[in-house]
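Q: Quick one: sequence and predicted model below, then my questions.
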4 protein chains.
Amino acid sequence: MDSNTGWREQLRIIIFQTDTVAGRRFDKALLLIILSSLFVVIIDSIESIHRDYIDLLAAIEWGFTLVFVIEYILRLYCSPKPLRYAFSFYGLVDLLAIVPGILALYYADAQYLLIIRIIRMLRIFRVLKLAPYLKQANYLLSALRGSKQKIIVFLATVSTLVVVFGALMYVIEGPEHGFTSIPKGIYWAVVTLTTVGYGDIVPRTPLGQILSALVMITGYSIIAVPTGIFTAELANVMRGEHIDHACPVCTKAQHEHEASFCSRCGNALFPKLIDNA
Amino acid sequence: MDSNTGWREQLRIIIFQTDTVAGRRFDKALLLIILSSLFVVIIDSIESIHRDYIDLLAAIEWGFTLVFVIEYILRLYCSPKPLRYAFSFYGLVDLLAIVPGILALYYADAQYLLIIRIIRMLRIFRVLKLAPYLKQANYLLSALRGSKQKIIVFLATVSTLVVVFGALMYVIEGPEHGFTSIPKGIYWAVVTLTTVGYGDIVPRTPLGQILSALVMITGYSIIAVPTGIFTAELANVMRGEHIDHACPVCTKAQHEHEASFCSRCGNALFPKLIDNA
Amino acid sequence: MDSNTGWREQLRIIIFQTDTVAGRRFDKALLLIILSSLFVVIIDSIESIHRDYIDLLAAIEWGFTLVFVIEYILRLYCSPKPLRYAFSFYGLVDLLAIVPGILALYYADAQYLLIIRIIRMLRIFRVLKLAPYLKQANYLLSALRGSKQKIIVFLATVSTLVVVFGALMYVIEGPEHGFTSIPKGIYWAVVTLTTVGYGDIVPRTPLGQILSALVMITGYSIIAVPTGIFTAELANVMRGEHIDHACPVCTKAQHEHEASFCSRCGNALFPKLIDNA
Amino acid sequence: MDSNTGWREQLRIIIFQTDTVAGRRFDKALLLIILSSLFVVIIDSIESIHRDYIDLLAAIEWGFTLVFVIEYILRLYCSPKPLRYAFSFYGLVDLLAIVPGILALYYADAQYLLIIRIIRMLRIFRVLKLAPYLKQANYLLSALRGSKQKIIVFLATVSTLVVVFGALMYVIEGPEHGFTSIPKGIYWAVVTLTTVGYGDIVPRTPLGQILSALVMITGYSIIAVPTGIFTAELANVMRGEHIDHACPVCTKAQHEHEASFCSRCGNALFPKLIDNA
């Protein structure tokens, strides 16, 4: 192992690993740079700031792009399989984060492409890996995964409701009260059912207002459904780092992770096939 | 069994059954056609599209109607009891889905009747039967059924609140601030209590704003009630509250979920197979 | 027992009792009349209907008042202790339901007093007594009672938040953006924190919008608190028609209603003081 | 112990302690004064009242300041370690509550500083200490503490969502529909995702309305997440997840809530006192 390989290996640990002090520091610094770069993009969109600091912001923007380009090259350099990294999800995101910055050097109007940079915020999830937060995120994700089917049933019902109510309101209120088409009615139904209630389109006829009241109470009540689903599922997930192995005697379904005997009936969960006593 | 009967039987399995590959494919295709037909109805309601593509949309509309007519005739043909199908819930919905399309051929103004087509979306629930989603939908439905009475008590309380608050606001704010009648006040109360908050009618007097704040906090807090009801019920349904295992000594049939000993006679519910003392 | 007393007793059972067929029918009819009378009051508040049907509505109104007067006299007549009824809660409500109707005969402007009639809707809770709904209402009420202190802590926190945020927004936005006083700011804070969001007062300055976003996310998140409180309490209430008697051996706190032995350790919950074996 | 020391000690008990009758009365009176003083500040911000009662309100304001000055001096006097009190959190808040009142005597425009007084409302939490409410507040706080990490994950996800959606809407809708910058877009995204929905900025383009509908449904659904987190955690805290009872055979220290037998060695955790076999 020559010193070059050793240096590459060390770099790889710093850049790709998150379980060493240096690796953690690198990821935290990177997150900070991403956030700063996002902050500049956001600030730049304010008309007055864009006018007054156009050169300064462009310079900073260029600086961030340079940093990300260097980072990308280093990642390619120290990765044991550069191509696999380049075509991995994070590799593509890293590339996408650079491209609009480079394009913006040639085309001043590439402003809209800068928005792609926001995808880099996804990296925040990778950085969170450093923290004990990952376990908590996993809890939430497995609760969501466990309730996926129930949530699809719920969303299907909600979709049906907004289409039906949207179409009904289009017929009842009509174009003269802002319900110019069924899609507009569906938009109104979503605004109302989710209790957002912009007030840009509101029912004007008595019948429309009665139907609206119905939609609102429906929306107000069925919010209980996803909440109930997720809560019940999360309680399940949190209760258990459990094993799912029904007790052969009393059929208790879930047991502590390290259980040898059923905590309800005291029988062995995994009876020995051949008694070696 | 002649070949005709066999063919009818096979057709029946494809159209009515959902547990064969062909049956599943048929139902999925049908769902796709229903969604497309709904999409056309929705798109057609947009003024500019309706004006520009009036002939094309009419042709597509006619095509979908034809498909549904053929499907309806096939269902009648291969059903072992055609009349029972024709007067079943789905049979009537299938018929209703055809009628406005045929009427629209003669009366151009039958536009409003097209809305009836939306009932066909109910078929989505039948198609969901194919999936393991049904079990999940059943969980949700039994949780809703179990909490039916509580939800009625809740809705009765909410109804009383909106009537009382609506009438109070009519008296306090009066017609000059948009509260032109008690029904309008009730409409406002529903908009506010459900936290939709359009802003088309808002309190202008200090007293009205104080009362509004009260209504909002009430609405914000009591959303906890349906959520709590449904969550508790769903957790119950998912856990299965009691175990049905008769006590071997006193034959008490139902026990607490985690019971190890009979709460009536104190004997072990699940005697140890091998004494490990 | 002369026939007059018997007749009075029978009348009392019909009017005051709800566990006989006649009593139930009476209460249901009464509820229907109350609802109809409320419906007339509500309808009467609509300007156009009031103008066109002024005489008809007044006559119906008078009829309802007559029915309630007769009912009130009958209640006094058949009550074993008329004075106790007259000064009971329901007795006073029954009286209050009559007075504005009588006053309206002399003063046409007694319109506002009609609103008092709405208190009669409280009778709906008495009528609900007939149904198994009472048990469910009791579940909800004991869950609310059990979480009373937590809810007060929550409401105190919310009140503090709306005062602090309201005052801050008054300072930040000022009268020129609609925040004309601290009470107005508090009203805005309630509208925003409860996610109602009328839009009649909205932040215009960047700092105000940042603070608003904070208020919204706070409001959006802390809705979880009353929901969590109520759900946990309701789950408790529903799980138990339980007895709270800690097992003397294993200290398990709650047991089935009829339990003699602890379902966890099998020991007697109530050891005999003197062994009579 | 001379009478002076005794008097100081008695004063200290009244002012700092909350477990004597006199101490409780003092704290309740103080809370009342703080609330009155806040009420005056709030009322004073109303233009018309400020104009008409400027002298009266200034006098009352001055009176409250005097009361708080005296209270502060007494606290310093009777505290065993005056400096430690002066630099404690409550000591600084007490001082801050006085300063703007004194400043307002010299500078009439010190109006904005009066807002600092609101921090005194924090004292309400100290006063709540008197009540059994503290235990309930503790339940809520430990549930919040237990779910801190999950809530941070949730807030990070929400922040990412509002930035992404805000930027997308800025690109889609543009300045001509009120989305003048990305920060404005983020403000809109917060207003929409939290279901507040002011309606001061609303999507006007079809694509913007489709994206809005997506944001609304997202916001409507993920409210389930903080609710689920908090509810599951609160249920945990209220139940007390594990029992601390060492197994008499293998000394395993913690067991599942309802365990009757040790899951490691299968022996009964709570041996029966009297064998009823």
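A: Cool, the structure landed.
Q: Whether the helix or strand hosting A:Leu74 contacts chain D - can you check?
A: Using DSSP states H and E, A:Leu74 sits in helix A:54-78. No. On the criterion CB under 8 Å from any CB of the partner chain, helix A:54-78 is out of touch with chain D, staying 13.1 Å away. Just so you know, the C-beta spots here come from the backbone N, C-alpha and C atoms, and that holds for glycine as well.
Q: Can you name the residues of the stretch 1-150 of chain A that neighbour chain B?
A: By the rule CB under 8 Å from any CB, the part of the stretch 1-150 of chain A lying against chain B is A:149-150.
Q: on that earlier part again, list the buried residues for the helix holding A:Leu74?
A: For helix A:54-78, burial by neighbour count (16 or more other CB atoms under 10 Å in any protein chain shown) applies to A:57, A:60-61, A:64-65, A:67-68, A:71-72, A:75, A:78.
Q: tell me the two of those residues that are most distant?
A: Greatest spacing in these, by CB to CB: A:Leu57 and A:Cys78 (31.9 Å).
Q: What spatial separation is found between A:Phe68 and chain C?
A: Distance of A:Phe68 to chain C, computed by CB to the nearest CB, to the nearest Å: 28 Å.
Q: my guess is that residue meets A:Asp94, correct?
A: Yes. With contact defined as CB atoms under 8 Å, A:Phe68 reaches A:Asp94; the gap is 7.3 Å.
Q: so what sits against both of those two?
A: Residues touching both A:Phe68 and A:Asp94 (CB atoms under 8 Å, 6 or more residues apart in numbering or on different chains): none.
Q: Which parts of chain A are strands?
A: All strands of chain A, identified by DSSP state E, fall at A:243-244, A:254-255.
Q: Would you single out the least confident of those?
A: With a mean of 59, strand A:243-244 has the lowest mean pLDDT of these.
Q: Lowest pLDDT pick from the buried residues of helix A:54-78?
A: A:Glu61 (81).
Q: Pull the number of nearby residues for the residue of the stretch 101-250 of chain A found nearest chain C.
A: Going by CB to the nearest CB, chain C is nearest to A:Gly199 of the stretch 101-250 of chain A, at 5.7 Å. A:Gly199 sits with 24 neighbouring residues when counted by other CB atoms under 10 Å in any protein chain shown.
Q: Now it: phi and psi?
A: The phi/psi pair for A:Gly199 (degrees, to the nearest 10) reads phi 90, psi 10.
Q: Return the residues in contact with it.
A: B:197-200, C:198-199, D:197, D:199.
Q: same thing but 6 Å
A: Taking CB atoms under 6 Å, 6 or more residues apart in numbering or on different chains, we find A:Gly199 in contact with B:198-200, C:199, D:199.
Q: ditto for A:Phe64
A: A:Phe64 neighbours (CB under 6 Å, 6+ apart): A:Ser37.
Q: Would you check how far apart it and chain D are?
A: Distance of A:Phe64 to chain D, given as CB to the nearest CB: 16 Å.
Q: Show me where the stretch 1-150 of chain A has its helices.
A: Along the stretch 1-150 of chain A, counting by DSSP state H, counting those that start in this stretch, helices occupy A:3-16, A:21-44, A:47-52, A:54-78, A:82-86, A:89-106, A:123-128, A:133-146, A:148-173.
Q: Looking at the buried residues of helix A:54-78, which is nearest chain D?
A: Among the buried residues of helix A:54-78, A:Leu57 lies closest to chain D (CB to the nearest CB), at 13.1 Å.
Q: Can you report how many residues lie near the residue nearest to that closest one when sequence neighbours are not counted?
A: With sequence-adjacent residues excluded and distances taken as CB to CB, 6 or more residues apart in numbering or on different chains, A:Leu57 is closest to A:Asp44, at 5.0 Å. Neighbour count of A:Asp44, defined by other CB under 10 Å: 19.
Q: Also A:Arg145?
A: 13.
Q: next one: A:Ile34
A: 22.
Q: What's the per-residue pLDDT of it here?
A: For A:Ile34, the predicted pLDDT is 81.
Q: Run through the residues that contact A:Gly91.
A: A:Tyr85.
Q: what about it, distance to chain B?
A: 36 Å.
Q: Return the distance of that residue relative to B:Arg24.
A: Using CB to CB, to the nearest Å, A:Gly91 is found at 39 Å from B:Arg24.
Q: Point out where chain A drops to low pLDDT.
A: Residues of chain A meeting the criterion pLDDT under 70: A:1-3, A:18, A:104-105, A:107-137, A:239-246, A:251-258, A:270-277.
Q: what's the domain layout of it?
A: Here the domain parsing of chain A from automatic domain parsing is A:3-134, A:148-225.
Q: Looking at those, which is nearest to C:Arg145?
A: Proximity to C:Arg145, assessed across the domains of chain A by CB to CB, is greatest for domain A:148-225 (21.1 Å).
Q: distance between the ends of the closest one?
A: Domain A:148-225 has its terminal residues 13 Å apart, counting by CA to CA, to the nearest Å.
Q: so A:Ile172 touches A:Leu207, yeah?
A: Yes. If you go by CB atoms under 6 Å, A:Ile172 and A:Leu207 touch, sitting 5.4 Å apart.
Q: the more surrounded of these two?
A: Shown here are A:Ile172 and A:Leu207; by other CB under 10 Å, A:Ile172 has more neighbours (19 against 12).
Q: follow-up on the earlier one: most packed of the helices of the stretch 1-150 of chain A?
A: Most buried of the helices of the stretch 1-150 of chain A by mean neighbour count (mean count of other CB atoms under 10 Å in any protein chain shown) is helix A:148-173; its value is a mean of 20.
Q: same for that helix, what does it pack against?
A: The helices and strands touching helix A:148-173, judged by 3 or more CB pairs under 6 Å, 6 or more residues apart in numbering or on different chains; DSSP states H and E, are helix A:182-193, helix A:206-222, helix A:224-239, helix B:133-146.
Q: and the ones you listed as JSON lines, adding distance to chain D?
A: Output for the helices and strands packed on helix A:148-173, formatted as JSON lines (distance: least, CB to the nearest CB, whole Å):
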{"stretch": "helix A:182-193", "distance to chain D": "4"}
{"stretch": "helix A:206-222", "distance to chain D": "8"}
{"stretch": "helix A:224-239", "distance to chain D": "4"}
{"stretch": "helix B:133-146", "distance to chain D": "14"}
